[in-house]
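[1] Sequence below, structure please.
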Amino acid sequence: MAHVQLLGTGGTIASRGGGESGSVATDTAAGLATTRYGDVTVAARDVLTTGSYRLGLADLRRIAEAVQEALVDRGNDGVVVTHGTDTLEETAFLLDLVHASPKSVVVTGAQQPADSPAPDGPRNVAEAVLAAHSTALHHSGVLVSFGGTLRTARGARKAHTVAPDPFQGGTEVAHVTGGELVVLAKPVRRPPLPLPPADFDDVRVEVVTAYPGATPELFEFAVASGARAVVLAGTGVGNAGPGFAEAVGRAVAAGCAVVLSTRAPWGPVVPTYGNGGGVDLVRAGAVPSGHLNPFQARILAALLLSLGTSAPDLPRAFRAHL
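    Residues are numbered from 1 along each chain as shown. I've put the predicted structure just below:
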């Protein structure tokens with residue numbers, strides 16, 4: 001008989017209440033899972049019980065450590081993590097970066113609170129458990145499961161505020177249809193990084209967005225106030241307006257790494273334009289984020305810096321994990 005460890009962290013799936021006070025995560029992980037799903041037994045424990053909009057990097061590290069502990073337990077055939085949707089893409093991507101086990105980790109949650117007339121959490125958990133124990137998904141890393149679709153954590157992004165399946169992007173790996181798991185693809189895995197150390201908790205990597213009329217002042221403030229790296233969410237294929245290329249050059253010279261991403265929801269960063277655009281930003285020292293959105297690019301930069309990568313070495317290390 002297969003066994004899955006469920007780790008609860010809070011989020012909408014664990015929330016009750018509403019009205020003037022708003023929903024608050026209060027339910028424990030034990031309330032999210034029955035003890036058995038068909039031939040699969042499930043044990044549940046809480047890592048956190050909070051809305052994911054309140055999480056800091058220290059919380060993400062704590063979740064990563066709990067997942068690692070569950071994976072090395074030979075009694076577990078897979079791991080399910082329940083999480084709020086607001087920042088699920090960041091936590092799931094961190095878990096994927098450090099994932100070294102053949103076993104699957106499946107991250108899920110809910111769009112409707114636990115006391116909703118039609119909560120979606122129970123179905124999402126059941127489908128996540130089905131996927132987590134399946135040997136057909138071994139060596140797939142960390143997956144995000146919502147509404148019957150399983151996709152890779154890398155590239156996944158919350159794309160809708162209230163839709164039953166709010167996530168898009170990544171690679172669709174499997175579907176759950178009629179209670180059966182249908183595997184569609186096997187993701188290509190990168191070499192895993194070590195678990196985040198304690199320094200991860202406080203490493204500052206800021207995100208600054210480009211837009212018409214933006215000046216580099218916020219970017220420069222982030223550098224001056226102690227950021228070890230700044231992710232510049234550029235326009236289009238990775239561009240920013242007047243003054244940003246010069247600001248990037250000054251930041252890099254001062255020992256602050258710069259990652260160039262895009263505010264566009266999909267597509268890679270492809271430095272194409274001069275006159276202060278992406279070509280000049282990269283020439284000034286920014287490293288393109290490839291297909292990573294600004295928020296997953298931030299997680300990768302923060303992990304690398306906390307593991308001892310210096311700002312001058314960050315571009316090489318960053319590219320190695322794209």
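[2] which other residues reach stretch 200-219?
    Applying Cβ atoms under 8 Å, 6 or more residues apart in numbering, the contact partners of stretch 200-219 are 56-58, 60-61, 222, 226-235, 239-241, 243-244, 246-248, 251, 263, 294-295, 298, 301-303, 305-306. Yep, even glycine has a C-beta here, placed from its N, CA and C like the rest.
[3] same thing with stretch 293-304?
    Contacts with stretch 293-304, where a contact means Cβ under 8 Å, 6+ apart, come from 57, 60, 87, 89-90, 93-94, 97-98, 154-155, 157, 169, 193, 196, 200, 203, 205, 207, 209, 229, 231, 233, 257, 259, 261-263, 265, 289, 292, 314, 317-318, 321.
[4] Rounded mean pLDDT for it, please.
    Stretch 293-304 shows a mean pLDDT of 98.
[5] packing partners for the helix or strand encompassing Ile63?
    Using DSSP states H and E, Ile63 maps to helix 57-72. Counting contacts by 3 or more Cβ pairs under 8 Å, 6 or more residues apart in numbering; DSSP states H and E, helix 57-72 is packed against strand 2-10, strand 40-50, strand 78-82, helix 88-97.
[6] Show residues contacting it.
    Contacts of helix 57-72 (Cβ under 8 Å, 6+ apart): 5, 7, 9, 47-48, 50, 76, 79, 81, 83, 90-91, 94-95, 98, 101, 103, 105, 195-196, 198, 200-203, 299, 302.
[7] How far does that helix sit from its chain's centre?
    Taking the mean of its C-alpha atoms, helix 57-72 sits 13 Å from the chain's own mean (Cα atoms, centre = their mean, to the nearest Å).
[8] angle of it against strand 40-50?
    170 degrees (axes from the mean of the first three to the mean of the last three Cα atoms, to 10 degrees).
[9] in helix 57-72, what counts as buried?
    Within helix 57-72, the residues that count as buried by 16 or more other Cβ atoms under 10 Å are Leu57, Asp59, Leu60, Arg61, Arg62, Ile63, Ala64, Ala66, Val67, Gln68, Ala70, Leu71.
[10] How about stretch 223-235?
    If you call a residue buried by 16+ other Cβ under 10 Å, then stretch 223-235 has these buried ones: Val223, Ala227, Arg228, Ala229, Val230, Val231, Leu232, Ala233, Gly234, Thr235.
[11] Would you format the residues you listed as JSON lines with secondary structure included?
    Formatted as JSON lines, the buried residues of stretch 223-235 follow (DSSP: H, G, I helix; E, B strand; the rest coil):
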{"residue": "Val223", "secondary structure": "helix"}
{"residue": "Ala227", "secondary structure": "coil"}
{"residue": "Arg228", "secondary structure": "coil"}
{"residue": "Ala229", "secondary structure": "strand"}
{"residue": "Val230", "secondary structure": "strand"}
{"residue": "Val231", "secondary structure": "strand"}
{"residue": "Leu232", "secondary structure": "strand"}
{"residue": "Ala233", "secondary structure": "strand"}
{"residue": "Gly234", "secondary structure": "strand"}
{"residue": "Thr235", "secondary structure": "strand"}
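[12] from those residues, which two are the most distant?
    Spatially, the most separated pair among the buried residues of stretch 223-235 is Arg228 and Thr235, at 24.6 Å (Cβ to Cβ).
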